[in-house]
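J.: Build me a model from this:
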Amino acid sequence: MHFTIADSTPLAQGLQTADGNVHSRLKYIKQLQPAFHTRKLGQLIDDADRTTPDYVPVTHKVVTDPDVYHAYTRNFSKQKSRFKHQVIRDGIKLTWHAKHAKVQTLPVVAYRRTVLVLNGKRVTSAQIKHHWIGNIGLKQRRGKNVLIIRYQSSFVTKLGTVLAIVAWIGVLIAWPITIRRSRRSAAAEQ
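T.: Numbering: from 1, shown residues only. Have a look, this model is predicted:
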């Protein structure tokens, strides 16, 4: 589907969602355009956060979609400003300051192969409190807290990646050889 967006097109309509699913200081979709042309890769997400709980691991049956959207907004979108996010090598670093040592609900999803390191110590699955919408709670300490979030690939995934690279190298080596042979055989037939 193709349509032209007018200067007065509301942001939610331009993003093809309901008003309550967009969290932004912007009012019109036209104002989002500069974020597509900047070197700051996170600008688009900073300017407009669209509630999309499609990939969150909900742990129980939900009666209505609005329940999921409201819970996602409350536990993820509205929590964003309370934490500093930084992309690091092989993961994401989440930093925040706490007045008290207690369980802190975080806008983070932890899957089976997610590796969490809180304040320099690896978090065990027993230390993670999973909420029904998919986010987690961890025991924070008073003061500065740093959580490193990484995903550890399985052996099968790593093996598949290596085999794919080896196969492509084989194709790149065999292809010119095959072309030369076919040209030689065509020249020999003439």
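J.: Now do the lowest-mean-pLDDT helix or strand in the chain: which elements does it pack against?
T.: The weakest-scoring helix or strand in the chain, judged by mean pLDDT, DSSP states H and E, is strand 48-50 (a mean of 76). Judged by 3 or more CB pairs under 8 Å, 6 or more residues apart in numbering; DSSP states H and E, strand 48-50 is in contact with strand 22-24. Heads up, the C-betas are built off the backbone N, CA and C, glycines and all.
J.: List the residues that contact Gln43.
T.: Ala35 (CB atoms under 8 Å, 6 or more residues apart in numbering).
J.: Revised request: answer the last question for Asp90.
T.: Arg150.
J.: Look up how far Arg122 lies from it.
T.: As judged by CB to CB, to the nearest Å, Asp90 and Arg122 stand 14 Å apart.
J.: Same check on Arg89?
T.: Applying CB to CB, the value for Arg89 to Arg122 is 17 Å.
J.: Just give the nearest non-adjacent residue to Thr95, would you?
T.: The spatially closest residue to Thr95, leaving aside those adjacent along the chain, is Lys84, at 4.4 Å (CB to CB, 6 or more residues apart in numbering).
J.: Can you give me the pLDDT of that neighbour?
T.: On the pLDDT scale, Lys84 is placed at 92.
J.: In this structure it contacts Leu94, no?
T.: Yes - at 7.2 Å, Lys84 and Leu94 qualify as touching, with contact defined as CB atoms under 8 Å.
J.: who's more crowded, those two?
T.: Neighbour totals were compared for Lys84 and Leu94, and Leu94 leads with 19 against 11 (other CB atoms under 10 Å).
J.: which other helices and strands contact the host helix or strand of that one?
T.: Per DSSP states H and E, Leu94 falls inside strand 91-98. Counting contacts by 3+ CB pairs under 8 Å, 6+ apart, strand 91-98 is packed against strand 84-88, strand 103-109, strand 143-151.
J.: Right, I'll call it a day here.
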